[in-house]
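In: Mind folding the following:
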Amino acid sequence: MTQYPLIDSATLKNALESTQPPLVLDCRARLGDADAGAELWRARHIPGSRHIDLDRDLASASGEGGRHPLPQPQAFVATLQRFGVTPDRPVVVYDDMGGQMAAARAWWMLACWVGHPDVRLLDGGLDAWQQTGGKLAQAGAKEGAKGDASQPSLWVPRFDDSQIVNARQVSASDALKVDARSFERFRGEAEPIDPVAGHIPGAVCRPGGENLDNGHFKSAERLSQELPDADEVIAYCGSGVSACQTIVAYGVADRPLPRLYVGSWSDWVRDPERPVVTGDDT
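Out: Predicted structure coming up:
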């Protein structure tokens, strides 16, 4: 189990005013518009933050492995070094969708996949920062959205692939599969993105929005009561992004963290031989 995954706005504000401020990564993104996250960052962002891109930094090209497969390890190492990430400096990630797009993905990649010891997700995101009086900055005309670090790091982390499962492992595992998509997509009543509607056999639906209350994560007590319970859990969604918010929720509840099916539904339906269930059936 990693450390408690959240930080609140007041604590972040104090940390940024300290002599050893955290590295803050703006993870805002919009599906279907690869440039939207960088534009949102340019328009307004937490001062000193840098934009890390879902499609270019936190994923590789869609195709084999789904719509948002993980980048190759060497590519992600280069990204971490470019942003100046080291295990000695805390990292805070945020977005504007309760961690679902794509701050939780960044948190998972840093905390679970490469084992950074101090990564927190800003609870409530950019809205909470503003509501507590946090100032916003705009990018200068020559300031790049990637915000390349003035002092790149040399950190080469060890990757923990035990946190990941593929389709074959999902099929063979008795673990409970927790689907973070909407009830409509889970039941197969609507599928706006992938070519096949429905869900993985044996899965239960826990939409990411159910983990939140007014944009903030619910309390540890409520999440512990509400989250699907099993000895072993695999989290999935459409393409392995919003499922990471489910993993954060288990961390907030102080429960063992689920493993991530990175390819998720977008990978599962690439093989027409894999079974698909619709309705509320498991």
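In: C-alpha from now on. contacts and neighbour counts both.
Out: Will do.
In: Point out where the stretch 1-150 of the chain drops to low pLDDT.
Out: 1-2, 140-150 (pLDDT under 70).
In: do that again at 90, thanks
Out: 1-3, 31-32, 34, 63-64, 101, 139-150 (pLDDT under 90).
In: That one: strands as residue ranges?
Out: For the stretch 1-150 of the chain, the strands defined by DSSP state E, counting those that start in this stretch occupy 6-7, 23-26, 50-51, 91-94, 119-122.
In: Now distance to residue 104 too, for those strands, in CSV please.
Out: Listed next are the strands of the stretch 1-150 of the chain as CSV, based on distance: least, Cα to Cα, whole Å:
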stretch, distance to residue 104
strand 6-7, 10
strand 23-26, 11
strand 50-51, 14
strand 91-94, 8
strand 119-122, 7
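In: you'd agree residue 230 is up against residue 178?
Out: No - using Cα atoms under 8 Å, residue 230 makes no contact with residue 178, being 10.2 Å away.
In: In terms of neighbours, single out the busier of the two.
Out: Set residue 230 next to residue 178 and count neighbours by other Cα atoms under 10 Å: residue 178 wins out with 26 against 13.
In: which non-adjacent residue is nearest residue 180?
Out: Sequence neighbours aside, residue 207 is the residue nearest to residue 180 in space, at 4.3 Å (criterion: Cα to Cα, 6 or more residues apart in numbering).
In: What residue spans form the domains of the chain?
Out: Following automatic domain parsing, the chain resolves into domains at 6-159, 162-268.
In: wait, which of the ones you listed is closest to residue 278?
Out: Closest approach to residue 278 among the domains of the chain is made by domain 162-268 (4.6 Å; Cα to Cα).
In: Straight-line length of the closest one, end to end?
Out: 19 Å (Cα to Cα, to the nearest Å).
In: same check, this time on stretch 34-54
Out: 8 Å.
In: Check the offset of it from the chain's centre.
Out: In terms of Cα atoms, centre = their mean, to the nearest Å, the centre of stretch 34-54 is found 16 Å from the chain centre.
In: repeat for stretch 90-101
Out: 8 Å.
In: Can you tell me what sits against that stretch?
Out: The contact list for stretch 90-101, computed with Cα atoms under 8 Å, 6 or more residues apart in numbering, reads 7, 21-30, 85, 102-107, 117-127, 208-209, 212, 215-217, 241-245.
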